[in-house]
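Novice: structure, please.
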Amino acid sequence: MNGWLPTLPALPRGEPKYRAIAYAYAQAINGGQMLPGEKLPAHRLLAKKLNVTTGTVSRAYTELERCGMVVARVGDGTYVAEPDADGARLPARTRQAPEHSEAAASTPLGSAPPAPAPGRPVDLGQNVPMPTDEALLLTQTLRELAADERLAGELLLYQPEGGRRSHREAGARWLARMGCTVPAERVLVTQGAQHGLACVLRAVLRPGDTIFAEALSYPGIVALARQLRLNLVGIEIDEEGIVPAALERACALLAPRALFCVPTLHNPTTATLSEARRAAIAEIAVRHHLVVIEDLVPAALLDAPPAPLTARLPEHGIVISSLSKAVAPGLRVGYVQAPQDWVGKILAVIRSDCWMTSPLSAEIAARWIVNGEIDRLVAQQRACVDVRQAIAAEVLSGWTYRTDPASPHLWLPLAEPWRAAEFAAALRQAGVLAKTADSFVIGRGSAPHAVRLSLGGARSHETLRDALEVLARTLRNGPEGLYSA
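Specialist: Okay, the predicted model is just below:
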């Protein structure tokens, strides 16, 4: 058991014990008696020591997590959270719980609930993974690197533009998880998927070329197409993804050079293309000499993802992946797999763009992939997705939305009379952020009235529950003043 244990003060009549436990831990954390990264006692052990139920301890820990004092790691326990950059913990990390919720009725810091923290809404618009053990693992890995003086020195030197051989081999192993089986010579290391996509577009297309993407697609392609002066055209999608007949018509009319797509756990709609559609799209691509650029970033969260679309296009398919959504965006490590004819051209772009990817980040990623730690981190991420999907299903049980059980996203079409901009504004006023469909529209097409919700944007499971309850209440209440004269 942890060395520090709370001493519970005498409680006023009717005051729940969990509040006293949470308050005692909050005081210890703020006072420096417990340090960031320190583990709290297991629920059962602390309950026995304090002569309370495990449910009481669980509620106390949940309250601490809601306030940002601690972080619960699935299957591993509860740890003291890192403070903000300015050292603040409370009340900066505390936001008011939704009206009428149990959390709103009490707080471990006093009898009145804290006011909402300005500038700290719950951001369900940002696509980020949920915190797992990556920070602790990073600390351990850096210690190991520091002990290897020879390797540390090598990592500070210039490297081949496509990455060290060991880093490319690790990238090939990462891509093999998603069904890409190619030699390391065809895998290049990049500074994340966005950098990889930028390098591919510069190698494959020229200003004025036409590139297709799903009518709703990853926003990064829009910014790159504009910067590179490409003609970006949206292709019709339905509940499953790209409509092959629409792609055929557009190819006949516009003579495109490339197609960018996210066929597995599509961002933002979470759709996955069937095998029949993948075959149809591959046939169209070959017939019209399309280079297909496949974004496999979301597919990393699947235990058994479908074979990549580009597996049917050995001479026309390029794959982009990264660790950003399944592990940690701050590593900035991505991988590009390309046909041999394109490898040299993409290498030339990397060389002119940044000379090489940071070898230190690539080494950390390679170690995690080779020693199997990446499997553990992804499994933890999937477990978090499972928990948050269950929370969403419970809180939003009365509303229709689209998702995949493995996806950290919900695609929420808005029923009349809501409009996406109005809904997002109402949510923002209530302290919750969501990304509207117009953020994903390609070209001048009209955006559906819908929002994408990223389950990883909330700091904790309880914070997510609170935010989704706000969202459900906003849906029920309707647009403010809608029926006023």
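
Novice: please name the nearest non-neighbouring residue to residue 431.
Specialist: Using CB to CB, 6 or more residues apart in numbering and skipping the chain neighbours, the partner closest in space to residue 431 is residue 121 (4.7 Å). Where C-beta positions appear, they are placed from N, C-alpha and C, glycine not excepted.

Novice: OK, contacts around that neighbour?
Specialist: Contact partners of residue 121, counting by CB atoms under 8 Å, 6 or more residues apart in numbering, are 95, 428, 431-433.

Novice: run the last query once more with 10 Å
Specialist: When contacts are counted by CB atoms under 10 Å, 6 or more residues apart in numbering, residue 121 touches 95, 427-433, 457, 467, 470.

Novice: phi and psi next, for it.
Specialist: Torsion angles at residue 121 (phi, psi; degrees, to the nearest 10) stand at phi -70, psi 160.

Novice: confidence-wise, which helix or strand of the chain is lowest on average?
Specialist: Least confident element among the helices and strands of the chain, by mean pLDDT, DSSP states H and E: helix 102-105 (a mean of 35).

Novice: adjacent strands (with direction) for the following helix or strand past that helix?
Specialist: Next helix or strand after helix 102-105 toward the C-terminus (DSSP states H and E): strand 122-123. Using DSSP bridges, the strands paired with strand 122-123 in its sheet are strand 432-433 (parallel).

Novice: mean confidence (pLDDT) on the partner strand, please.
Specialist: Averaged across strand 432-433, pLDDT comes to 94.

Novice: where does the stretch 201-350 of the chain have low pLDDT?
Specialist: For the stretch 201-350 of the chain, applying pLDDT under 70 flags no range at all.

Novice: helices of that one, start to end?
Specialist: With helices called from DSSP state H, counting those that start in this stretch, the stretch 201-350 of the chain shows them at 219-227, 244-254, 275-287, 340-354.

Novice: relative to residue 396, which of the ones you listed is closest?
Specialist: Checking these against residue 396 by CB to CB gives helix 219-227 as the closest, at 24.4 Å.

Novice: centre of the chain versus the closest one, how much separation?
Specialist: 20 Å (CA atoms, centre = their mean, to the nearest Å).

Novice: please identify the buried residues of that helix?
Specialist: With burial defined by 16 or more other CB atoms under 10 Å, the residues of helix 219-227 counted as buried are 219-222, 224-225.

Novice: ok, stretch 123-143 next?
Specialist: Neighbour-count burial for stretch 123-143 flags 123-125, 127-134, 137, 141 (criterion: 16+ other CB under 10 Å).

Novice: okay, how far is it across that stretch, tip to tip?
Specialist: Terminal residues of stretch 123-143 lie 33 Å apart, using CA to CA, to the nearest Å.

Novice: wait, residue 346 sits on residue 163?
Specialist: No: contact criterion CB atoms under 10 Å: residue 346 and residue 163 do not qualify, at 12.0 Å.

Novice: hang on, residue 410 in a helix?
Specialist: No: counting by DSSP: H, G, I helix; E, B strand; the rest coil, residue 410 falls outside a helix, being strand.

Novice: so what's it bridging to?
Specialist: Beta-bridge partners for residue 410, by DSSP bridges, are residue 453.

Novice: ranges for the strands of the stretch 301-450 of the chain?
Specialist: Ranges of strands within the stretch 301-450 of the chain are 317-322, 334-337, 409-413, 432-433, 435-436, 450-454, based on DSSP state E, counting those that start in this stretch.

Novice: please identify the deepest-packed of the ones you listed.
Specialist: strand 334-337 (a mean of 29; mean count of other CB atoms under 10 Å).

Novice: now do that strand: which elements does it pack against?
Specialist: With contacts defined as 3 or more CB pairs under 10 Å, 6 or more residues apart in numbering; DSSP states H and E, strand 334-337 has these neighbours: helix 165-176, strand 187-190, helix 193-204, strand 317-322, helix 340-354, helix 359-370.

Novice: repeat that for 8 Å
Specialist: Counting contacts by 3 or more CB pairs under 8 Å, 6 or more residues apart in numbering; DSSP states H and E, strand 334-337 packs against helix 165-176, strand 187-190, helix 193-204, strand 317-322.

Novice: next, format the helices of the stretch 201-350 of the chain as a markdown table and append distance to residue 188.
Specialist: Formatted as a markdown table, these follow (distance: least, CB to CB, whole Å):
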| stretch | distance to residue 188 |
| --- | --- |
| helix 219-227 | 17 |
| helix 244-254 | 27 |
| helix 275-287 | 22 |
| helix 340-354 | 6 |
